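Undergrad: Here is my input, please return the structure:
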Amino acid sequence: MKRSPHRESLPACAVLLAGGRGTRFWPRSRMHTPKQLLNIAGHQTMLRATAARLHPLIPARNLWAVTNAEQAADVRRQLRGVPPAQILAEPVGRNTAAAIGLAAIHLVRAHGDALMVVLPSDSYVAQAARYRTLIRAALELARQPGHLVVFGIPPTRPETGYGYIELGSVAGKPRGVAAFAVRRFTEKPALSLAQRYASSGRYLWNAGMFFWRASSYLESLRAFLPSTHEALIRLLSVIGTPSYTRLLAKTYPRLENISVDYAVMEPATRLASPARVSVIPAKIGWSDIGSWAAVYELLAGKSRANVSPGPSFTLDASGNYFWCPRKMVAAIGVDNLVVVDTGDALLICARERSQEVGKIVKWLEEHKQKALL
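TA: Purely as a prediction, here's the structure:
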C-alpha cells in the first residue's frame, strides 16, 4: 500500500540564513565579521547559538546555511560537524526568497524532498526547550503538502520596526499546540497602528522563522515568482556537476531581489492559491537583537544598570553599555551611552539613537573607507 504523503518519512533540515552584514553593530560588525559571526549576546557567536539550540532535534548532519562568498569560510569554521557542501555561498545577495530557494533545490537534490526549518542566524531565544517543542508542532503541520507555517511572536510593545501577522481562526492543534490560519501579513506600521495591533491580541510579530516542505516552497515560487523558480530548477539539474559553479554565477544575479515575505507569504494569503498559511504563537523569549540598545536591554540585570564585559568602575553613571574588553573602563557622570572600542574605531552614541549606527557605515562606504568596513 502506498504511504500517505502526510506520514511519509522526510528528514527535517534546518536552513540558517547567514548572509547579512549587521551594519547597526559597527564597529564590531564588519564585512568579514558580521553580526551572526560575533558573540554579541553571550559567549557563543549568534550563528553557533542558533545551531546549538536546535540540538538534538536537528543534528549537525541536517544543518544547512546560506551565506555569501566573503563569509563562507568563516561560516564553515563556525559550524563544525556540518558537511562543508551544506554551506551554500551566494555569488551576490538576492534577499531571502532566492536564498531559501537555493537551499530548497539542494535539499530536493539530496533527499528528494525534506521538511525545512528556515531561521535567521542572528536572533536570540531564551527558552530553547519550548522553542524545540514548537518546532516539532510546526513540522507536523508543514508535513502536509502545500502548507506554509510561520512562528509569530506575541508583541510586548507597539514596535514599528517589525512586520505583523494577523490571526484568523484556529487551524489545528498539532502535538497539542494551537495553530491559527493567517488572515494577512502587514509590514512595519506607523506607531498609532502598532499600538492598536499590540493591544488587540490578534496580531503577532513576524520573526522570520518558517516551516514547509522543500517541494511546497518551490511550488509557491512557481506560482508567485515563476522566473526565479524556472532558473532554480535549471540550477537543480546541474548540482554536483562541474557546470554548477558556472551556472550559479551566471544565473543567480538575475533572480528577483525580494524577501520571502513579499514574494511568497503575503500573496499566499492574499491571492487564490493552493498554499495554506498557518501561524503558531511562539512565546520563547525572542529578540532580534537589532541594535546596541537591544543588547543592553538583554544583558542588563536591572533597570539603569551599567553593562560591561570587562573590568569597569562607574560613579554617578547609569544605563550605559561599554564594550571595551581589553581595557579598564571608568565612567563618571554619564548616562545611557553606548561605547564600543575595537582598537581601530571607537563608537560613542546615545543608547536611544543606536538604531542610527548604520548611517556611519553608509558614510564610510561613500567616503571609501574600506579599512573600516
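
Undergrad: Which stretches in the stretch 101-250 of the chain count as helices?
TA: Taking DSSP state H, counting those that start in this stretch as the test, the helices found in the stretch 101-250 of the chain are 128-142, 191-200, 214-224, 226-236, 243-251.

Undergrad: and for the first one, what are the contacting residues?
TA: Applying C-beta atoms under 8 Å, 6 or more residues apart in numbering, the external contacts of helix 128-142 come out as 12, 53-54, 57, 115-117, 125, 147-149, 151, 171-172, 174-177, 179, 211-213, 216, 278, 280, 282-284. (Each C-beta comes from the backbone N, C-alpha and C, glycine too.)

Undergrad: out of the helices of the stretch 101-250 of the chain, which comes closest to Pro309?
TA: For the helices of the stretch 101-250 of the chain, proximity to Pro309 was assessed by C-beta to C-beta; helix 128-142 is nearest, at 22.3 Å.

Undergrad: what's the angle from the closest one to helix 214-224?
TA: Here the directions of helix 128-142 and helix 214-224 differ by 60 degrees (axes from the mean of the first three to the mean of the last three C-alpha atoms, to 10 degrees).

Undergrad: And helix 128-142, how far out from the chain middle?
TA: Counting by C-alpha atoms, centre = their mean, to the nearest Å, helix 128-142 is centred 17 Å from the centre of its parent chain.

Undergrad: before we move on, what about stretch 130-149?
TA: On the basis of C-alpha atoms, centre = their mean, stretch 130-149 sits 17 Å off its chain's mean C-alpha point.

Undergrad: re earlier: from the contacts of helix 128-142, list the buried ones, please.
TA: Buried members of the contacts of helix 128-142, counted by 16 or more other C-beta atoms under 10 Å: 12, 53-54, 57, 115-117, 125, 147-149, 151, 171-172, 174, 177, 179, 211-213, 216, 278, 280, 282, 284.

Undergrad: Show me where the stretch 151-300 of the chain has its strands.
TA: 164-172, 179-186, 203-213, 276-281, 286-287 (DSSP state E, counting those that start in this stretch).

Undergrad: burial count for Ile360?
TA: Using other C-beta atoms under 10 Å, Ile360 has 18 neighbouring residues.

Undergrad: in the sheet, who's paired with the residue nearest the centre of the chain?
TA: Using C-alpha atoms, centre = their mean, the residue of the chain that lies closest to the mean C-alpha position is Pro120, 1.7 Å off. For Pro120, the beta-bridge partners under DSSP bridges are Leu17.

Undergrad: Can you check the pLDDT for it?
TA: We have a pLDDT of 97 for Pro120.

Undergrad: how is the protein carved up into domains?
TA: Domains of the chain are assigned by automatic domain parsing as 12-287, 292-372.

Undergrad: Point out the most buried one among those domains.
TA: Ranked by mean neighbour count, those are led by domain 12-287 with a mean of 19 (mean count of other C-beta atoms under 10 Å).

Undergrad: circling back to that earlier point, please report the distance of the residue nearest to the centre of the chain from Ala371.
TA: 29 Å (C-beta to C-beta, to the nearest Å).
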